[in-house]
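>>> Quick one: sequence plus predicted model below, questions after.
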Amino acid sequence: MRPASDMRERSPLAARPSPIVTYGEPPAGTLPPGTLAVFGFGTSAVAIDDPRWLNVALEPLGAASVERWTVESDVTHGRLGDLRWSRGGGWLYAAVECDEADHGGPEGAAAHAYRLLSAFVAGSPERHVQRIWNYLGAINAGAGDDERYKQFCTGRIAGMGDVFAQGFPAASAIGHHAHEGLLQVYLLATDRPGTRVENPRQVSAWEYPRQYGRTPPSFARATFLPADDVLAISGTAAVVGHASAHAGDLPAQLAETRRNLDALLAHGGAPEGFDARAPLKAYVRHPEDMAAVKAFADEHWPEAPLLIVHGDICREELLVEIDGWRYR
Ligand code: 3EB
């Protein structure tokens, strides 16, 4: 399966605006109108009985612990087995949580999650998946081809149905430290195709050589959403070409990650840098590196909202990964 060309023609018609992503405090009471999804990071997050609320298994390391997606529209929502969904204004949120023990391990669980998501999206008007997040436990456990992340990659592609055949969405895949068997996958889709953007400094993930596993990771580096208002940026780390750069060196990895982000912005036609409307999320392998990551972000992107979480990057030598949204 190969994605279509990177650069699709953008629709001349302005689509309804993309969801707005903000960070903040846990909601008090019911979710406000226009709420498409709310993510409470960490085990101490409140639990809200609403399909749009997801307790994410990554511990927050900074002040922000909640992420909200808001649309300019009424929102409907529901549940279907392991899947929960919401939709409004042409946008669809869908999430699956499952336990690997019910599916024989990370490969089976990923296949299950992606099958549920594919089938649901295929039956929805919002059938173009723009962005997807994946959180699994002990992501680097297991040697060589048996590493749990690599098993996840094999299951992911097996479960990706026709809705992903048009090209892979932008993605993040991160290791959590909660119950090891817990797999969480959630996505944002809409009713027309976005524009996939690759990074000229990096080999496309689906073309990674064999040394990274039997199944290359199936994601794009970024997606320009079809409303033409925001670049959705995948998890970005110190990968140059296909190789990890600066193993174990946090300052050098941060600088390399910034070069990758800047290259992606430039190649994707987004404005330079990250401003107050560019929420970023940093995944940090060692909680004690939080201050250095925050200081780097404060220096280079002082206005950008930042959510920092404890998360393992899918290559053992990588210490930090950053994803986010760059609104025009
Ligand atoms: C990399 O560039 C780092 O498997 O979905 C980044 C973003 C990474 C997404 C995924 C993996 C994924 O290869 C790892």
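Sure, I can see it.

>>> What pairs with the host helix or strand of residue 37, parallel or antiparallel?
If you go by DSSP states H and E, residue 37 is part of strand 35-41. Strand pairing for strand 35-41, using DSSP bridges, gives strand 53-56 (parallel), strand 66-70 (antiparallel).

>>> what sits up against the helix or strand that the shortest one is followed by?
Scanning forward in sequence from strand 53-56 by DSSP H and E, the next helix or strand is strand 59-60. Defining contact as CB atoms under 8 Å, 6 or more residues apart in numbering, one finds that strand 59-60 is touched by 41-43, 177, 287, 307-310. Bear in mind the C-beta positions are built from the backbone N, C-alpha and C, glycine included.

>>> what's the burial count for residue 312?
Using other CB atoms under 10 Å, residue 312 has 27 neighbouring residues.

>>> Quickly note the distance from it to residue 124.
32 Å (CB to CB, to the nearest Å).

>>> ok, longest helix in this structure?
Taking DSSP state H as the criterion, the chain has its longest helix at helix 250-268.

>>> for it, packing partners?
Helices and strands touching helix 250-268, by 3 or more CB pairs under 8 Å, 6 or more residues apart in numbering; DSSP states H and E, are strand 195-197, strand 222-224, strand 230-236, strand 239-240, helix 290-300, strand 320-327.

>>> Could you check the second one against the ligand for contacts?
What that stands for is strand 222-224. No. Applying CB under 6 Å from any ligand atom, one finds strand 222-224 separated from the ligand by no less than 10.3 Å.

>>> quick one: average pLDDT of stretch 17-35?
Mean per-residue pLDDT for stretch 17-35: 92.

>>> for it, which positions count as buried?
Going by neighbour count (16 or more other CB atoms under 10 Å), the buried part of stretch 17-35 is 17-21, 23, 27, 31, 34-35.

>>> wouldn't residue 108 be in contact with residue 100 here?
Yes. In this structure, residue 108 is within contact of residue 100 by CB atoms under 8 Å, at 7.1 Å.

>>> Tell me which of these two has more neighbours.
residue 100 (24 against 20).

>>> contacting residues for that one?
Listed by CB under 8 Å, 6+ apart, the contact set of residue 100 reads 106, 108-109, 180-183.
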